Structure formats: structure tokens, C-alpha cells
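Visitor: okay, sequence plus prediction incoming.
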Amino acid sequence: MPFAEWLHRYLVGEDMFGPGSAVFCPGPIVFESMPMNETDTVVSWEGPDRGM
């Protein structure tokens, strides 16, 4: 299985490591940019809702 498919299934909440191993958190994923120096600010944004 390609990594992209594994990641998609993991984020959707399927059991990827064994029975009962799902780690599903409802709601959108929150991304944060990493500052490259002291003057940069952290920018955060939300991805799509994971209620697929």
C-alpha cells in the first residue's frame, strides 16, 4: 500500500496497526507553519472536515 493511501486511511480512522488501534479525532486537522526566524509569526489554518 502506498504511503499516501496509508496516511489517508489512518486520518479517516481505520485500524492500521491492529484491531482497536484506530485514532480518530472528529473535526478538521489544524496545521501550523513553523517560524524560520525570531521575527516570523506562527500561522495556523484548518483542513477539511474529517467526517468522511
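Guide: Structure's in. What do you need?

Visitor: ramachandran angles for Leu7?
Guide: phi -60, psi -40 (degrees, to the nearest 10).

Visitor: for Val30, that is, sorry about that
Guide: phi -100, psi 120.

Visitor: and it, what does it touch?
Guide: 44-47 (C-beta atoms under 8 Å, 6 or more residues apart in numbering). (C-beta placed from N, C-alpha, C; glycine too.)

Visitor: how about the residue most central in space within the chain, nearest residue that isn't a chain neighbour?
Guide: By C-alpha atoms, centre = their mean, the chain has its centre lying nearest to Ile29, at 5.3 Å. Excluding its sequence neighbours, the residue lying closest to Ile29 (C-beta to C-beta, 6 or more residues apart in numbering) is Gly47, at 4.1 Å.

Visitor: neighbour count, secondary structure and pLDDT added to the contacts of Val30, as CSV?
Guide: Formatted as CSV, the contacts of Val30 follow (neighbours: other C-beta atoms under 10 Å; DSSP: H, G, I helix; E, B strand; the rest coil; pLDDT from 0 to 100):
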residue, neighbour count, secondary structure, pLDDT
Ser44, 8, strand, 91
Trp45, 10, strand, 89
Glu46, 10, strand, 87
Gly47, 11, coil, 79
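
Visitor: let me know the closest of the residues you listed to Gly13.
Guide: Gly47 (14.8 Å; C-beta to C-beta).

Visitor: now the contacts of Val30 as JSON lines including distance to Leu11?
Guide: Formatted as JSON lines, the contacts of Val30 follow (distance: C-beta to C-beta, whole Å):
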{"residue": "Ser44", "distance to Leu11": "18"}
{"residue": "Trp45", "distance to Leu11": "16"}
{"residue": "Glu46", "distance to Leu11": "14"}
{"residue": "Gly47", "distance to Leu11": "9"}
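
Visitor: understood, closing this out.
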